[in-house]
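> Predicted coordinates and the sequence they were generated for:
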Amino acid sequence: MRGSDGTRMDREQMNSIARPVKEISLEQWSAELASGRRSPVGLTADYLARIAELDRDGPRLRSVIETNPDALEIAIEMKRELQANRRRGPLHGVPILIKDNIDTSDAMSTTAGSLAMSGVKPSADAIVVTRLRASGAVLLGKTNMSEWANARGAHGTGGWSARGGLTRNPYVLDRSASGSSSGSAVAVAASLCAAAVGTETDGSILCPAAVCGVVGLKPTVGLVSRTGVIPLANSQDTPGPIARNVRDCALLLDAMAGADPQDPATLAAPDSQRSDYAGRLDPSTLHGCRLGLMEAFLPAHAGIRAAYESALSILAKAGATLVRITDLPDLALMREHERFVMLTELKAGLNDYLGRAGAGAPRNIKDLTEFNKRHSREEMPWFQQERLEQAERMPDLSAPEYLFARQECLRLAKYSGIDALIGAHGLDALIAPTTQPAGVIDLALGDPAGIHSCTMAAVAGTPGITVPAGHWLGLPLGLSFYGQAWQEQRLLNLALGFEQISAARQAPTYRKSIEDNMPAIIV
């Protein structure tokens, strides 16, 4: 029998009553599925029901841009394999969402949130999708995102795309979900999936994860393949996992990481650093470690600063030595060079991707900007496309000014930045508040210029992980751990140690505004 959408249904799904999935971990689901206490089919149906309840209706989070019409079919096959004692691994039968800039050669489109790409069907899965399918994950759907990964307009709103609309923060609905992996972070926070995949160029995993109260990991560039991911800046782009806890994040990373001959950056990763992250987790790493606190990123706001100081005291009580770091490289100069590099690489990478995209796609950035002008009422009701237009005017990758800017990026962020700071101070990792608490959504003016600590690791191509660190008036706060290249295991261990002691994560509240359910203030 088939459902109303044409998807084949088995007896279990037809007779199922939606069961709770809220706040249940990927690791828990893995055990439930392996034991036969839950079925991939019923679990997939339950998540689809929750998406309908919270994402399409209720608070209307708009974090899922498209559900996969093949999800139940995949779940049925995963159930059959389990019944035949053919379990592929911890992700077997577990529903996962992926960001809408990651290619899938199935019934779903890959659009980066743009109407110009509606209906475009890639000819092949991204390598990271191939790996997820091989692990037995059920691809539940695609998540909404800041259109073109924040590479379209200079005054954009995080989490808005013409195709998907505005993604809302599940803690306070009039607050930003940040970007560009907004939908992935929101869906994880709201338990619309077991875990999700995002992508980052500079802050696009860490910032949404932080403001949505979940764990996000930006891997070293090259740990996870970028083949089949719509590019922004090749020297900084990477997919990464988003989950509700560190262990789930490690489980998802295990499935995603791997070499890819089509992506030369992946060939530099040491084999010893690319597998069994979950199996090697050790929270005791936190005791006796040295952490460099980048003081420049501590907030000026007294209340928020106090909340972070409380989190830092937890680290100290756990046996970590906190070293105050004030000798950061010139961050303003770094960002100036980064902007030049990103726009130059955007031109090269996006033109190449569009030139090979499926039927109906614009063939280059020029075609894309012309489409947006013709459909400005739908595509540009709130902000324009200055960044795409700037990218179109940038030089080639062989230009001396690009090569100089890229060299300066590495000097400032890596050699005089992360590597130098960790070496000079004898550190296990650098730490800092990830970003400011979620601001009020402003479609008219766009996102305010906010401070986040992600740029140095992004430009250096080195890893970072954000973990919930507390709340300010109900808004989540995130603390990030940054390390040298290929040090994902160390960062996961440190984050796990902090997570277990702080227990800072709380489920979303879906308040309409910050004032809802707050005690009255008597003046």
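On my side now, so go ahead.
> Quick check: residue 62 vs residue 442, distance?
For residue 62, the distance to residue 442 (Cβ to Cβ, to the nearest Å) stands at 17 Å. Glycine gets a C-beta too; all of them are placed from N, C-alpha and C.
> repeat for residue 309
29 Å.
> quick one: which of residue 62 and residue 442 has more around it?
residue 62 (22 against 14; other Cβ atoms under 10 Å).
> Can you spell out which helices and strands pack onto the helix or strand that residue 469 is a member of?
For residue 469, the host element (DSSP states H and E) is strand 464-472. Judged by 3 or more Cβ pairs under 8 Å, 6 or more residues apart in numbering; DSSP states H and E, strand 464-472 is in contact with helix 206-211, strand 215-218, helix 246-256, helix 302-317, strand 475-482, helix 488-502.
> how about the longest one: buried residues?
Counting neighbours by 16 or more other Cβ atoms under 10 Å, one finds that the buried residues in helix 302-317 are 304, 307, 308, 311, 312, 314, 315.
> any idea which helix or strand comes after the longest helix along the chain?
For the chain, the helix that runs over the most residues, judged by DSSP state H, is helix 331-355. Proceeding N to C from helix 331-355, the next assigned helix or strand is helix 365-374, under DSSP H and E.
> May I see the buried residues of that next one?
365, 368, 369, 371, 372.
> The second one contacts residue 116, doesn't it?
Yes - applying Cβ atoms under 8 Å as the test, residue 368 and residue 116 come out as touching, 5.5 Å apart.
> Residues that sit against both of these two, list them.
residue 362 (Cβ atoms under 8 Å, 6 or more residues apart in numbering).
> which residues in the stretch 151-300 of the chain form strands?
160-161, 165-166, 195-200, 215-218, 238-243, 290-294 (DSSP state E, counting those that start in this stretch).
> list the buried ones in the last one?
What that stands for is strand 290-294. For strand 290-294, by 16+ other Cβ under 10 Å, it's 291, 292, 293, 294.
> and what of stretch 267-284?
For stretch 267-284, by 16+ other Cβ under 10 Å, it's 269, 274, 277, 278, 281, 283.
> what does the average pLDDT come to for that stretch?
Averaged across stretch 267-284, the pLDDT comes to 90.
> what comes into contact with that stretch?
Under Cβ under 8 Å, 6+ apart, the answer for stretch 267-284 is 90, 220, 222-223, 246-247, 250-251, 253-254, 257-259, 261, 486-489, 492-493, 496-497, 499-500.
> partners of residue 139 in the sheet?
residue 96 (DSSP bridges).
> In terms of pLDDT, where does it sit?
pLDDT, read off for residue 139, is 98.
> neighbours of it, just the number please.
Neighbourhood size, residue 139 [other Cβ under 10 Å]: 23.
> ditto for residue 261
10.
> Equivalent analysis for residue 467, please.
31.
> pretty sure it is touching residue 493, no?
No - using Cβ under 8 Å, residue 467 is not in contact with residue 493, being 11.7 Å away.
> Low-confidence ranges, the protein, go.
Within the chain, the segments meeting pLDDT under 70 span 1-18, 518-523.
> let's go with 90 and repeat that
1-19, 269-275, 358, 448-451, 516-523 (pLDDT under 90).
> just checking, residue 398 is part of a strand?
No - counting by DSSP: H, G, I helix; E, B strand; the rest coil, residue 398 is not found in a strand; it is coil.
> just the buried residues of stretch 267-284 now: which is nearest residue 326?
Lowest distance from residue 326 to the buried residues of stretch 267-284 (Cβ to Cβ) belongs to residue 283, with 29.2 Å.
> Which positions in the host helix or strand of residue 423 come out as buried?
Element membership for residue 423 (DSSP H and E) is helix 419-425. For helix 419-425, burial by neighbour count (16+ other Cβ under 10 Å) applies to 419, 421, 422.
> and that helix, how far out from the chain's middle?
27 Å (Cα atoms, centre = their mean, to the nearest Å).
> Mind giving me the packing neighbours of the helix or strand that comes right after it?
Using DSSP H and E, the helix or strand that follows helix 419-425 in sequence is strand 429-433. Counting by 3+ Cβ pairs under 8 Å, 6+ apart, the packing neighbours recorded for strand 429-433 are strand 290-294, helix 419-425, strand 475-482, helix 488-502.
> Include distance to residue 386 when you put those into TSV, please.
Formatted as TSV, these follow (distance: least, Cβ to Cβ, whole Å):
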stretch	distance to residue 386
strand 290-294	30
helix 419-425	34
strand 475-482	29
helix 488-502	35
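> right, and the ones you listed - which one's nearest residue 446?
Within the helices and strands packed on strand 429-433, the stretch nearest residue 446 is strand 475-482; the backing value is 19.7 Å (Cβ to Cβ).
> Tell me what angle the closest one forms with helix 302-317.
50 degrees (axes from the mean of the first three to the mean of the last three Cα atoms, to 10 degrees).
> So which other helices or strands are in contact with strand 475-482?
helix 206-211, helix 302-317, strand 429-433, strand 464-472, helix 488-502.
> What residues of that strand count as buried?
Quick answer for strand 475-482 (16+ other Cβ under 10 Å): 475, 476, 477, 478, 479, 480, 481, 482.
> do stretch 350-360 as well
Neighbour-count burial for stretch 350-360, counted by 16+ other Cβ under 10 Å, picks out 350, 351, 353, 354, 357.
> what do you get for stretch 385-398?
Buried residues in stretch 385-398 (16+ other Cβ under 10 Å): 385, 387, 388, 389, 390, 391, 392, 394.
> of the residues you listed, closest to residue 73?
Of those, the one sitting nearest to residue 73 (Cβ to Cβ) turns out to be residue 388, at 37.1 Å.
> State whether that closest one and residue 367 are indeed in contact, as I suppose.
No - here residue 388 does not reach residue 367: they are 10.9 Å apart, not a contact under Cβ under 8 Å.
> distance of residue 477 from residue 211?
9 Å.
> between those two, what contacts are shared?
Common contacts of residue 477 and residue 211 (Cβ under 8 Å, 6+ apart): residue 437.
> Determine which of the helices and strands packed on strand 464-472 approaches residue 517 most closely.
Closest to residue 517 of the helices and strands packed on strand 464-472 is strand 475-482 (Cβ to Cβ; 13.3 Å).
> centre of the chain versus the closest one, how much separation?
14 Å.
> Describe which strands that strand pairs with in its sheet and in which direction.
strand 429-433 (antiparallel), strand 464-472 (antiparallel).
> Off-centre distance for the longest one?
When C-alpha coordinates are averaged (Cα atoms, centre = their mean), strand 464-472 and its chain have centres 14 Å apart.
> Only the buried residues of that strand, if you could.
Those would be 464, 465, 466, 467, 468, 469, 470, 471, 472, for strand 464-472 by 16+ other Cβ under 10 Å.
> which residues sit in contact with the last one?
Spelled out, that is residue 472. Contacts of residue 472 (Cβ under 8 Å, 6+ apart): 303, 304, 307, 437.
> Mind doing that once more with 6 Å?
Counting by Cβ atoms under 6 Å, 6 or more residues apart in numbering, residue 472 touches 304, 307, 437.
> between these, which is closest to residue 454?
Once Cβ to Cβ is applied, the member of the contacts of residue 472 that ends up nearest residue 454 is residue 437, at 15.6 Å.
> Are we agreed that that closest one is in a helix?
No - looking at residue 437 with three-state DSSP, it is coil, so not inside a helix.
> how far away is it from residue 475?
Distance from residue 437 to residue 475, by Cβ to Cβ: 4 Å.
> With residue 431 instead?
On the measure of Cβ to Cβ, residue 431 and residue 475 end up 20 Å apart.
> cool, residue 388 as well?
32 Å.
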